[in-house]
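Asks: Compute the structure for the input listed below.
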Amino acid sequence: MEIEIREIRETDYPAVMSLWNNELGYHWISAENIALHYDRVKNDENYKTFVVLLENKVIGFISTVKAFFPGLEAGYMYIQGFAVQEEVQNRGIGTKLLEHTENYARRTGLYSVILNSRFERAAAHAFYEHNGYEKSSYCFNKVL
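Replies: Numbering: from 1, shown residues only. Below you'll find the model as predicted:
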């Protein structure tokens, strides 16, 4: 199974929107607002979205933003979204996409990679731990 990993293109937006909606449950992401978002950040090197393709079809993505922290000026990469189509999970595709992202972070001199995951995503938690991520905190959110 040969996969390709590359940066997102405008033609990938519908497939990535479907992954946000169907795999992650973010149903408010629409064709309109996904295009607005990716068009807004496409020239900002702090934002990167990589897609993974199988037979020229987008089957996964990882969307990141570089952040900085006092005393940690090297910065870190925050994973905003990460999904692989359910029917192709458990084949190493997610691990390759995660490794690609980690290697990008290393090449750009970042200190670490962090992410948040909802409580009910137990399989995702096991995947992250299998790939060397440690549970270190809770994420709190307040909708305004």
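Asks: what about the helices in the chain?
Replies: Here the chain has its helices, by DSSP state H, at 13-22, 31-41, 93-107, 122-130.
Asks: With respect to residue 52, which of these lies nearest?
Replies: When the helices of the chain are compared by Cβ to Cβ, helix 93-107 sits nearest residue 52, at 4.9 Å. For the C-beta atoms, the positions are set from N, CA and C on the backbone; glycine is no exception.
Asks: the inter-axis angle of that closest one versus helix 122-130?
Replies: 50 degrees (axes from the mean of the first three to the mean of the last three Cα atoms, to 10 degrees).
Asks: what does helix 93-107 rub up against?
Replies: Helix 93-107 has contacts (Cβ atoms under 8 Å, 6 or more residues apart in numbering) with 3, 5, 48, 50, 52, 54, 59-62, 64, 76-77, 79, 82, 84, 112-113, 127, 131.
Asks: Filter the residues you listed down to the buried ones.
Replies: 3, 5, 48, 50, 52, 54, 59-62, 64, 76-77, 79, 82, 84, 113, 127 (16 or more other Cβ atoms under 10 Å).
Asks: and the spatially most distant residue from the centre of the chain, what pLDDT?
Replies: The centre of the chain is farthest from one residue, residue 71, which by Cα atoms, centre = their mean lies 25.4 Å away. Listed pLDDT for residue 71 reads 80.
Asks: returning to what we had before: narrow the buried ones among the contacts of helix 93-107 to those in strands?
Replies: 3, 5, 48, 50, 52, 54, 59-62, 64, 76-77, 79, 82, 84, 113 (DSSP state E).
Asks: Run a quick neighbour tally on the nearest residue to residue 111 once chain neighbours are set aside.
Replies: Spatially, and ignoring its direct neighbours in sequence, residue 111 is nearest to residue 74 (4.3 Å; Cβ to Cβ, 6 or more residues apart in numbering). A count of nearby residues for residue 74, using other Cβ atoms under 10 Å, gives 11.
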